[in-house]
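Chemist: Provided below are the primary sequence and the corresponding predicted coordinates.
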Amino acid sequence: MHHESEIVPNPERPIDLAAGGADAAVLDLPGVLDQPLVAPQLHAAPVRSIKPASLSTGWKKHFPDGVDWPVTLWMIGMHIGAVVALWHFTWAAFFTFLFLHFVTACLGITLGFHRLLTHSSMQVARPVKYFFSMCGMLSAEGSPLMWVANHRKHHALSDQEGDPHSPNDGFFWSHMLWFYPNVPRDKCIAHFKRWAPDLYKDPVQRFMDRIFPLFAPIVGVGLYLFGHYVFNQGLSFFLWGMCARTVACYHSTWFVNSATHIWGYRNYHTSDRSRNLWWVAVLSYGEGWHNNHHAHQRLARHGHRPHEIDPTYMVIWTLKKLGLAWDVQDKLPVGNQASE
């Protein structure tokens, strides 16, 4: 297997997409990697022990600008609503939950935000790209700009200082606490320009970022009204279609950040602590084959062994057959197949 020296980008220097320098090689930014896929790095960083879940690792380090109280209260409200949903079960609302979970977590987060927008694992027409962006916004995990910028930074600094959700600072930090620090708007803009300059240049993506705080509440109201006037089950539709579905999508995504950097097996010797974990793959439509993904970041196919089932790639394969997706990166480079 080809050996790559470890490249650590300067987190302050803007990325020049046209030039395609060292930063772009690490981040697999769209429009840069016309060359073959980058082989996994074999210079493994020292593995640090996982600290107990606590904020004792430094309040000032993680919350320099305080807590984002709107986000915190929203998260609390969604989790309370998900519990209350158990007392307001209806089959119509439950099937709405299942359908929207697929649209949100598979089409929106896994396919749209992650494999399409972050890693450019395929190409689609602009309206299709915006459709998947809107599906991702249903998750209430951030606008496409925010999600993509965070995830590219995670790949560039995975399990190192600066990783947005490293388990080095505790399981619960990597799982969900990293979502709660307040980030001033000027820092957000700088973050977008640094890690997602291609999306930031798109006025539609900037518009989606501006309307994001209103998007989820409008969806919630719409679900209530639809359930009320069509099924006479407004509260049930809101609790299952909005609260329970959102919470389920949250934790399936968050387990990729936390659990798959702690437990599981490795097909590839990468410079981070990524693992493959079957139950996370089940919850997240194939995202749990995380070590495979960190070794070959642009691949649209995350399952590299027969038992590593990847439902999201099945959707991408279908889009490819229908002519809705092209330039799909689904072939492992020669000599880089998964090994024991």
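Modeler: Received the coordinates, thanks. Numbers count the residues shown, from 1 in each chain.
Chemist: how close does residue 143 sit to residue 105?
Modeler: Taking CB to CB, to the nearest Å as the measure, residue 143 falls 17 Å from residue 105. Backbone N, C-alpha and C define where each C-beta goes, glycine included.
Chemist: Which residues are in contact with the residue positioned nearest the centre of the chain?
Modeler: Central residue of the chain (CA atoms, centre = their mean): residue 114, 5.3 Å from the mean position. Contact analysis of residue 114 by CB atoms under 8 Å, 6 or more residues apart in numbering lists 151, 287.
Chemist: Phi and psi next, for residue 171.
Modeler: For residue 171, the backbone dihedrals (degrees, to the nearest 10) come out as phi -60, psi -50.
Chemist: State the number of residues packed around it.
Modeler: 18 (other CB atoms under 10 Å).
Chemist: Correct me if wrong: it contacts residue 257.
Modeler: No - the criterion here is CB atoms under 8 Å, and residue 171 misses it with residue 257 at 10.0 Å.
Chemist: just the strands in the protein please.
Modeler: 123-124, 325-326 (DSSP state E).
Chemist: just for the chain, where's the confidence low?
Modeler: Filtered on pLDDT under 70, the chain yields the residue ranges 1-60, 334-340.
Chemist: Can you check which of the strands of the chain gets nearest to residue 250?
Modeler: Closest to residue 250 of the strands of the chain is strand 123-124 (CB to CB; 25.8 Å).
Chemist: how far is that closest one from where the chain is centred?
Modeler: Chain-centre distance of strand 123-124: 18 Å, with CA atoms, centre = their mean, to the nearest Å.
Chemist: what sits up against it?
Modeler: The contact list for strand 123-124 (CB under 8 Å, 6+ apart) reads 116, 132, 319, 324-327.
Chemist: Just these: which are in helices?
Modeler: In helices, defined here by DSSP state H, the members of the contacts of strand 123-124 are 132, 319.
Chemist: Show me which of the contacts of strand 123-124 are buried.
Modeler: Neighbour counting with 16 or more other CB atoms under 10 Å marks 116, 132, 319, 325 as buried within those.
Chemist: Run through the residues that contact the second one.
Modeler: Residues touching residue 132, when contacts are defined by CB under 8 Å, 6+ apart, comprise 107-108, 111-113, 116-117, 124.
Chemist: so what does the longest helix anywhere in the chain touch, helix or strand wise?
Modeler: Looking across the chain with DSSP H, the single longest helix is helix 203-226. Judged by 3 or more CB pairs under 8 Å, 6 or more residues apart in numbering; DSSP states H and E, helix 203-226 is in contact with helix 126-137, helix 144-156, helix 234-238.
Chemist: want to try JSON lines for the contacts of residue 132, with distance to residue 212 as columns?
Modeler: Below are the contacts of residue 132 laid out as JSON lines (distance: CB to CB, whole Å):
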{"residue": "107", "distance to residue 212": "18"}
{"residue": "108", "distance to residue 212": "13"}
{"residue": "111", "distance to residue 212": "19"}
{"residue": "112", "distance to residue 212": "14"}
{"residue": "113", "distance to residue 212": "12"}
{"residue": "116", "distance to residue 212": "18"}
{"residue": "117", "distance to residue 212": "14"}
{"residue": "124", "distance to residue 212": "21"}
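Chemist: quick one: which of those is nearest residue 199?
Modeler: Among the contacts of residue 132, and counting by CB to CB, the member closest to residue 199 is residue 117, at 6.7 Å.
Chemist: How about the contacts made by the closest residue in space to that closest one that isn't next to it in sequence?
Modeler: The spatial neighbour of residue 117 that comes closest, neighbours along the chain excluded (CB to CB, 6 or more residues apart in numbering), is residue 148 at 5.0 Å. Residue 148 makes contact with 113, 117-118, 195-196, 199, according to CB under 8 Å, 6+ apart.
Chemist: what sits against residue 125?
Modeler: residue 324.
Chemist: what do you get if the cut-off is 7 Å, keeping everything else the same?
Modeler: Residue 125 sits next to no residue when contact means CB atoms under 7 Å, 6 or more residues apart in numbering.
Chemist: Residue 261 too?
Modeler: So, once contact is read as CB under 7 Å, 6+ apart, residue 261 ends up touching 159, 167, 174, 273-275.
Chemist: Make a PyMOL selection of the buried ones in those.
Modeler: Restricted to buried positions by 16+ other CB under 10 Å, the PyMOL selection for the contacts of residue 261 reads:
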select buried, resi 159+167+174+273+274+275
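Chemist: ok, of the contacts of residue 261, which one's closest to residue 65?
Modeler: Closest to residue 65, out of all of those and judged by CB to CB, is residue 174, at 20.1 Å.
Chemist: That closest one reaches residue 168, doesn't it?
Modeler: No - using CB atoms under 7 Å, residue 174 is not in contact with residue 168, being 8.2 Å away.
Chemist: I'd like the contacts of residue 148 as TSV, with distance to residue 226 and neighbour count appended.
Modeler: What follows is those, written out as TSV (distance: CB to CB, whole Å; neighbours: other CB atoms under 10 Å):
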residue	distance to residue 226	neighbour count
113	25	27
117	28	25
118	31	27
195	37	29
196	33	28
199	31	24
